[in-house]
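# Fold the following, please.
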Amino acid sequence: MDSARPPASGAQPHPINDPDAVLDLAVVGAGPCGIAAGAAARRAGLSTALFDKGPLCDSILRYPTYMSFFSTPEKLEIENLPFVTAEKTATRREALTYYRKVADYFRIPVHQYHRVVNVSRDADGFRLTARDTAGREAVHRTRRVVIATGGFHEPNFLDVPGEDLPKVSHYYVEAHPYWRQDVLVVGGSNSAVEAALELFRAGARVQMVHFGHEFDRGVKPWILPDIQNRIRAGEIRMAWGHRVHRIHSDRVVLRAEKDGGTVTLANDWVLALTGWRANPTILGALGVPVDPETGIPHHDPATMETPVPGVFIAGVLAAGHDANRIFIENGREHGALIVNAILEGSRPTPVG
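Residues are numbered from 1 along each chain as shown. I've put the predicted structure just below:
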């Protein structure tokens, strides 16, 4: 595609409050990949609207405050709209600013804090029911729908006693509140490793626990030596081959995978950074099959359309249980695939 340019001439935001209006494309999810679908639709002159149970780019909002992206800015751009950053890689704050500007530039209607509670078939395509924070419901009609709800519906819970205590969190924001505190970081992912290192350098007493005997393959290679050195030096303690068994207000109990033996540790806070899972509810209600082993909804990768005509998926949802397969830099391409399929009137060949 050529350099960024405004939406097609004469294409204005669709009158989505008109009860007789029918959208060309409704997008459930207002993260970067949902925005990419909306921007591609707007550029093509299609009427569209985004719906999200939270704010724009809620998933990025959950990232650590001082995080920088691994991808360079041009790999995060939507429809070639330039993403200018102060350094080589974008910060969380710069990304939030950029995606707001994308939504403004392409004049994408976004229903923030509107949870989609139902999507069903009707004569024109689909009826989408969204509920706002006051409990009011509105029905929107659309010819097609994109499900771009990402992989952050709910965390992978530990399912242990005490997980509901206020000291337990399933996401990490910043290290300062944990200065001189005993913190248990659960997990062996990139997010767990980066959090542990930040906590250690902010003066927290850090203990990690992972059921495996090595870090996950998604950990950035340039930080592996750092965390390994900290563990070897005893600056960050690591319990390999263990799981959290029980959480108390002032301690945690770990259980060994090999023999079931337990160890009790003094503890102030638990950061359970064990990943998140997608929400298959809408897809299931629409009759879209999901592979039980991989968690991948059946779809055609060339069009992102599912076996249910007019229902598309975009973003991390297409990766199933392996969220490391799809990021912003490749998930952003789904919007163009979807819009091209609509314009060409193509039909999918379903694949898992």
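
# Spell out the secondary structure type for His321.
Here His321 is coil, with the state taken from DSSP: H, G, I helix; E, B strand; the rest coil.

# okay, now the domains of this structure?
22-153+278-344, 156-272 (automatic domain parsing).

# now these as TSV including mean neighbour count?
(C-beta placed from N, C-alpha, C; glycine too.) Below are the domains of the chain laid out as TSV (neighbours: other CB atoms under 10 Å):
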stretch	mean neighbour count
domain 22-153+278-344	20
domain 156-272	17
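
# surely Gly151 meets Trp276?
Yes - under the criterion of CB atoms under 8 Å, Gly151 makes contact with Trp276 at 5.5 Å.

# between those two, what contacts are shared?
By CB atoms under 8 Å, 6 or more residues apart in numbering, Gly151 and Trp276 have these common neighbours: Ala323.

# how far away is Leu23 from Leu343?
Leu23 sits 16 Å away from Leu343 when distances are taken as CB to CB, to the nearest Å.

# can you give me the helices in this protein?
Secondary structure of the chain by DSSP state H: the helices cover 32-43, 58-61, 92-105, 190-201, 224-232, 281-286, 328-331, 334-344.

# so how far is the longest one from its chain's centroid?
So that's helix 92-105. 16 Å (CA atoms, centre = their mean, to the nearest Å).

# Over to the fourth one?
For helix 190-201, the gap between its own C-alpha mean and the chain's C-alpha mean amounts to 20 Å (CA atoms, centre = their mean).

# tilt between that helix and helix 224-232?
50 degrees (axes from the mean of the first three to the mean of the last three CA atoms, to 10 degrees).

# If you count contacts, what does helix 190-201 end up packed against?
Contact analysis of helix 190-201 by 3 or more CB pairs under 8 Å, 6 or more residues apart in numbering; DSSP states H and E lists strand 182-186, strand 205-210, helix 224-232 as its packing neighbours.

# between these, which one is nearest to Thr262?
Distances from Thr262 to each of the helices and strands packed on helix 190-201 were compared using CB to CB; the shortest belongs to strand 205-210, at 12.2 Å.

# and the angle from the closest one to helix 224-232?
Interaxial angle, strand 205-210 versus helix 224-232 (the same axes, to 10 degrees): 110 degrees.

# What would strand 205-210 look like as PDB? C-alpha coordinates only.
Output in PDB follows, covering the C-alpha atoms of strand 205-210 (Å, rounded to 0.1, in the frame of the first residue of the first chain):
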ATOM      1  CA  ARG A 205      13.500  -9.300  47.700                       C
ATOM      2  CA  VAL A 206      12.500 -11.500  44.800                       C
ATOM      3  CA  GLN A 207      11.700 -15.200  44.700                       C
ATOM      4  CA  MET A 208      10.600 -16.800  41.500                       C
ATOM      5  CA  VAL A 209       8.800 -20.200  41.000                       C
ATOM      6  CA  HIS A 210       8.300 -22.100  37.800                       C
END
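
# ok, what's across the strand from Arg131?
Taking DSSP bridges, one finds Arg115, Glu137 as the beta-bridge partners of Arg131.

# Report the contact partners of it.
Applying CB under 8 Å, 6+ apart, one finds that Arg131 lies in contact with 114-115, 117, 137.

# Cool, thanks, signing off.
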